[in-house]
Every structure is written in C-alpha cells, then in structure tokens.
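Asker: Predicted model and sequence below, questions to follow.
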Amino acid sequence: VKPIKKDISEPKPVARPSRAQAEEAVRTLLAWAGEDVTREGLLETPKRVAKAYEEFFEGYNLDAEEVLNKTFRDVGGYDDMVLVKDIPFFSHCEHHMVPFVGKAHIAYLPTDSVVGLSKL
C-alpha cells in the first residue's frame, strides 16, 4: 500500500453553527412539516436529532491520511490480493440529507505493506 498523498486543495473552512442553532433548525423543520414543537413528545427531539447528526457525521473529524497510513510492513513477500467483502456502511445523501446503507467490497495488491482490515 502506498501512502496517501493529498494532491487536492484543502476545502475552505465552514462557519459552523452552534448546537443551539442546530436545535432551532430542527424545531423550524418540524414546524414547517406541521408539527406542534411544544408537544410533549417533541420537546427533546431537537437535542436528540443534533446528537444523532454528531454521530452520523463524526467521520468528518477523521483524517483519512492519518488513518490509512498506519500500515504493517512485516508482510514477508506477501504477493496475493487483499480482499475484504461485505463491509457494512451507512452514509447520508448530501443533496437530500437522507440516510442510505449498503455493503462495500475492497481489494488491492499490496506493495511494501498492508493496511489493517479495521482501517478499510
């Protein structure tokens, strides 16, 4: 595995709204959908949704280069393809903000080292 090289320009920093603003946005969407945001069953929903989105998008805080450059060099003449199948994944459509799930399959031919399976 060759180390990942960043050859694209870094994205511009985004002004991140506060947690309170995110929760208010959830209230706004609920009200737009016709819900009574003061209804008992919805009082804690904005907090729960904000917490869920923190978990859904926690990968944005990871550095792929840092994660994937952790390799094992002691592969002693390993010349077979590395194949990992049926890796479950979930993500969100950036255009509609709806979740989707699936399974991924990854294969590569290692050169000097291999990436740990948990990193794939």
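Answerer: Thanks, I have it. Residues are numbered from 1 along each chain as shown.

Asker: residues of stretch 15-32 that come out buried?
Answerer: 22-23, 26-27, 30 (16 or more other C-beta atoms under 10 Å). Any C-beta I mention is one placed from the backbone N, CA and C, and that applies to glycine too.

Asker: Would you reformat the residues you listed as CSV and include pLDDT, distance to H92 and secondary structure?
Answerer: Conversion of the buried residues of stretch 15-32 to CSV gives the following (pLDDT from 0 to 100; distance: C-beta to C-beta, whole Å; DSSP: H, G, I helix; E, B strand; the rest coil):
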residue, pLDDT, distance to H92, secondary structure
A22, 96, 15, helix
E23, 97, 19, helix
V26, 97, 15, helix
R27, 98, 20, helix
L30, 97, 19, helix
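
Asker: Nearest to E54 among those?
Answerer: A22 (9.1 Å; C-beta to C-beta).

Asker: Quick one: residues contacting that closest one.
Answerer: 46, 50, 53 (C-beta atoms under 8 Å, 6 or more residues apart in numbering).

Asker: Next one: it from A50, what distance?
Answerer: A22 is 5 Å from A50, where distance means C-beta to C-beta, to the nearest Å.

Asker: Got a ChimeraX select line for the buried ones in the contacts of A22?
Answerer: Selecting only the buried entries of the contacts of A22 in ChimeraX, with 16+ other C-beta under 10 Å as the criterion:
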select :46,50
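
Asker: now the contacts of A22 in a markdown table, with distance to P11 and secondary structure?
Answerer: Output for the contacts of A22, formatted as a markdown table (distance: C-beta to C-beta, whole Å; DSSP: H, G, I helix; E, B strand; the rest coil):
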| residue | distance to P11 | secondary structure |
| --- | --- | --- |
| P46 | 28 | helix |
| A50 | 23 | helix |
| Y53 | 19 | helix |
